[in-house]
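K.L.:
I would like the atomic coordinates for the input below:
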Amino acid sequence: MGLSPEAAARLGATAETAESDDDDAIEVLAENEDAVRLFLAAGTQWRVAVLPHPKGAILMRTALDYAVLPVVAGALGLTLDADLLDQLQTIEAEAAHAMAQAVRL
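P.N.:
You can find the predicted model right below:
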């Protein structure tokens, strides 16, 4: 899942990536590490919508459940402040967009 140039700019990222043998590896800048940790830890906390489909229902992840984020952040030793929430929302928006693109109705 790639970031749009606008999202990358908001996170202070560059187009350059670290050299790696793993095609799925990404470089996380130190100032974004807490937001990425929180996003990954909250990975089971997506709200979902059920979309009807001729072959069955499709579960579409719509957004993170913000009510649980302070608990998840606290478990990681993080404080969910405005800056961390802004970074998390940038990651969340890009992830939601990528997941929506992966579901072709």
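K.L.:
just to confirm, which helix or strand has residue 72 in it?
P.N.:
helix 69-75 (DSSP states H and E).
K.L.:
nope, residue 53 is what I was after
P.N.:
Using DSSP H and E, no helix or strand contains residue 53.
K.L.:
ok, back up a step: which strands and helices sit next to the helix holding residue 72?
P.N.:
Helix 69-75 sits against helix 33-41, helix 82-102, with contacts defined as 3 or more CB pairs under 8 Å, 6 or more residues apart in numbering; DSSP states H and E. Any C-beta I mention is one placed from the backbone N, CA and C, and that applies to glycine too.
K.L.:
Can you check which of these gets nearest to residue 53?
P.N.:
helix 82-102 (14.1 Å; CB to CB).
K.L.:
What are the phi and psi values at residue 56?
P.N.:
Torsion angles at residue 56 (phi, psi; degrees, to the nearest 10) stand at phi 130, psi -180.
K.L.:
let's number from 23 now, not from 1
P.N.:
Shifting the count to begin at 23 puts that one at residue 78.
K.L.:
pLDDT wise, what is it at?
P.N.:
Residue 78 is assigned a pLDDT of 85 by the prediction.
K.L.:
go on, residue 83?
P.N.:
88.
K.L.:
Is it located within a strand, as I assumed?
P.N.:
Yes. Residue 83 sits within a strand when classified using DSSP: H, G, I helix; E, B strand; the rest coil.
K.L.:
What is the neighbour count of it?
P.N.:
Close neighbours of residue 83, defined as other CB atoms under 10 Å, add up to 16.
K.L.:
roughly how far apart are it and residue 72?
P.N.:
11 Å (CB to CB, to the nearest Å).
K.L.:
rank the helices and strands packed on helix 91-97 by pLDDT, which is bottom?
P.N.:
helix 104-124 (a mean of 91).
K.L.:
name the helices or strands packed onto it?
P.N.:
On a contact count with 3+ CB pairs under 8 Å, 6+ apart, helix 104-124 meets helix 27-32, helix 55-63, strand 80-86, helix 91-97.
K.L.:
Pipe the ones you listed into JSON lines and attach distance to residue 109 per row.
P.N.:
Output for the helices and strands packed on helix 104-124, formatted as JSON lines (distance: least, CB to CB, whole Å):
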{"stretch": "helix 27-32", "distance to residue 109": "8"}
{"stretch": "helix 55-63", "distance to residue 109": "3"}
{"stretch": "strand 80-86", "distance to residue 109": "13"}
{"stretch": "helix 91-97", "distance to residue 109": "12"}
